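Asks: Generate coordinates for the sequence data below:
(chains A and B)
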Amino acid sequence: MVVMDELNTHFLYPAALFASKLPHRVSTILGSCVAVCLFDPVLKIGGINHFMLPFWNGQGLASPKYGNIAIERLLEKMLTLGSQKKNLTAKVFGGGEVIETNISQFHIGERNIQIAIEMLDELRIPVVAKSLGGKLGRKIEYNTGTGEVKQKYIERSITLK
Amino acid sequence: MEHKISDNELLEELKRRFEQNKNAVKELKSLNDELKTVNKKLEESEAMKSHFISNITNEIINPFTSILGLSRAILSVDKENWKKVVSMVALIHSEAFTLDFQFRNIFVAAKIEAGEVFPEILNVDVENLIEGVIESFKLEARKKKLHVNLEFNIKSDNSPYLFKTDPEKLKLILANLLSNAINFSFEGGVIDIVTSYEKESLVILVRDHGIGISKENQKVIFDRFKRLDSGINSLNRGHGLGLSVNKAIIEMLNGHMDIKSELGKGACFTIHIPETDIPATDFASDANETFFDSEEETF
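Replies: Model prediction:
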């Protein structure tokens, strides 16, 4: 895949956001975090976020560490790049329960998934593919120029955020 | 054959429906309460936003006004009166320093909120880095006749001691803590910076003996631009954005920050930062080792 290898690469850290007019190969590692990949098939551009917690509680910085902020910001960024909301499609990944805990209220993965699905639904952005939940972490690689996402499962023994 | 409903059955059914309605009302009420709470939170957030702007304005306009006023004054000073000029230049420098520092925090905060900040890990000479931060605040400390004490309790075989972390972020964290310690100290006081290595983490404590932070206020100091409302504080600069920026970047480095403080007895902030080759969530570089032989799927 020569073409693939010529792409710029970017490693997306938790709580960060990435969107670009140039095609990139963006990789990120997800445990209970969720990543939403937005793609505009008309302009052939894409953006991705990586959030750790569902909601910003109004304290501290309103960073894309939180799902409600991360999804809003990503959409804003796509619109600034010239996308029209009606063209956008979404792919959603992550939200595994990778941290072994017996305390049920800590189901962060599940709550992260919920906010992603609910917000995309509210925004009327169709989710065209997803791989969510489970007990494993994921590594994904998003080609922002084609919208294609490659995924591998990863071991759970590693401490994932 | 039509089924005839007995009075008893009718009564039962009515009772059941009544119970159902009661439950529905209860649910609606709790939903309503929930909405009210969310609404209140939103209002608070909105109020905080305007608070944020007004604070930014204060923290930028005040130093600018001083700089403009002082530089104008210098232009009209008699040529013989150099001493006066020097002291005014010192003030200008101090205001510009504060302004520069505020801007840095504002820009970092904006970048964090835009999701554009990530750790950049290097081998860091921690002692040298801390000394550099103290040095950069030398004039500020001297202005209040403060003594900044550095105690470096890490022994290392290789000298200097190197620690893998993000130097720029560590610098900003320390600068924010030291800046607060200076602002909230009484004149002539002492500030201690104590560095140690515990449980595979770098631990840095910054302690002042100034006005301190009450228990209630300790809960809110991480809110961006929340300034504590007490008389004395109005004479000082606020905590500003510093602590919320600190919190965000310390979390990014997988560390945490503790506060110990009593009103009137100073404040002690301790940061714990674990050593990382690469941030805990980034194992992209040795990805193949950590991966299952799981099939690659395409979505």
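Asks: For chain A, what's the nearest residue on chain B?
Replies: Here the residue of chain B nearest chain A is residue B:115; by CB to the nearest CB that distance is 3.1 Å. Heads up, the C-betas are built off the backbone N, CA and C, glycines and all.
Asks: nearest residue to that residue other than its sequence neighbours?
Replies: The shortest distance from residue B:115 to any non-neighbouring residue, by CB to CB, 6 or more residues apart in numbering or on different chains, is to residue A:17 (3.1 Å).
Asks: and if you look at residue B:265?
Replies: Per CB to CB, 6+ apart, closest to residue B:265 is residue B:212, 5.1 Å.
Asks: same for the helix or strand hosting residue B:124, what does it pack against?
Replies: Assigned by DSSP states H and E, residue B:124 belongs to strand B:122-125. When contacts are defined as 3 or more CB pairs under 8 Å, 6 or more residues apart in numbering or on different chains; DSSP states H and E, strand B:122-125 packs onto strand B:162-165, helix B:167-183.
Asks: give me every residue that touches the residue of chain A found nearest chain B.
Replies: Closest residue of chain A to chain B, CB to the nearest CB: residue A:17 (3.1 Å). Each residue near residue A:17 by CB atoms under 8 Å, 6 or more residues apart in numbering or on different chains is listed here: A:47-50, A:64, A:70, A:73-74, A:77, B:114-116.
Asks: 7 Å instead, please
Replies: Residue A:17 is in contact with A:49, A:64, A:70, A:73-74, A:77, B:114-115, counting by CB atoms under 7 Å, 6 or more residues apart in numbering or on different chains.
Asks: What residues are bridge-paired with it?
Replies: Taking DSSP bridges as the rule, residue A:17 bridges to residue A:49.
Asks: got it, and residue B:191?
Replies: As assigned using DSSP bridges, the partners bridged with residue B:191 are residue B:148.
Asks: hmm, back to that, what separation is there between the residue of chain B closest to chain A and residue A:52?
Replies: 12 Å (CB to CB, to the nearest Å).
Asks: ok, these two, which is more surrounded?
Replies: Taking neighbours as other CB atoms under 10 Å in any protein chain shown, residue B:115 and residue A:52 compare with residue B:115 leading, 26 against 22.
Asks: Point out the most buried one among the helices and strands packed on strand B:122-125.
Replies: helix B:167-183 (a mean of 22; mean count of other CB atoms under 10 Å in any protein chain shown).
Asks: Dump it to CSV, restricted to CA.
Replies: The C-alpha trace of helix B:167-183 is given here as CSV (Å, rounded to 0.1, in the frame of the first residue of the first chain):
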residue,chain,number,x,y,z
PRO,B,167,9.9,19.9,30.3
GLU,B,168,7.8,22.8,29.0
LYS,B,169,4.7,21.6,30.8
LEU,B,170,6.6,21.0,34.0
LYS,B,171,8.0,24.5,33.8
LEU,B,172,4.6,26.0,33.4
ILE,B,173,3.2,24.0,36.3
LEU,B,174,6.0,25.2,38.6
ALA,B,175,5.8,28.7,37.3
ASN,B,176,2.1,28.8,38.2
LEU,B,177,2.6,27.4,41.6
LEU,B,178,5.5,29.7,42.4
SER,B,179,3.7,32.7,41.0
ASN,B,180,0.7,32.0,43.3
ALA,B,181,3.0,31.4,46.2
ILE,B,182,4.7,34.8,45.6
ASN,B,183,1.4,36.6,45.2
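Asks: before we move on, back to that, which one, of the helices and strands packed on strand B:122-125, ends up nearest to residue B:206?
Replies: helix B:167-183 (4.1 Å; CB to CB).
Asks: quick one on the thing from earlier: JSON lines for the helices and strands packed on strand B:122-125, including distance to residue B:246?
Replies: Below are the helices and strands packed on strand B:122-125 laid out as JSON lines (distance: least, CB to CB, whole Å):
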{"stretch": "strand B:162-165", "distance to residue B:246": "14"}
{"stretch": "helix B:167-183", "distance to residue B:246": "5"}
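Asks: In CSV: the ones you listed, plus distance to chain A and mean pLDDT.
Replies: Converted to CSV, the helices and strands packed on strand B:122-125 look like this (distance: least, CB to the nearest CB, whole Å; pLDDT from 0 to 100):
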stretch, distance to chain A, mean pLDDT
strand B:162-165, 15, 90
helix B:167-183, 13, 92
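Asks: So which of those is nearest residue A:8?
Replies: Closest to residue A:8 of these, according to CB to CB: helix B:167-183, at 23.5 Å.
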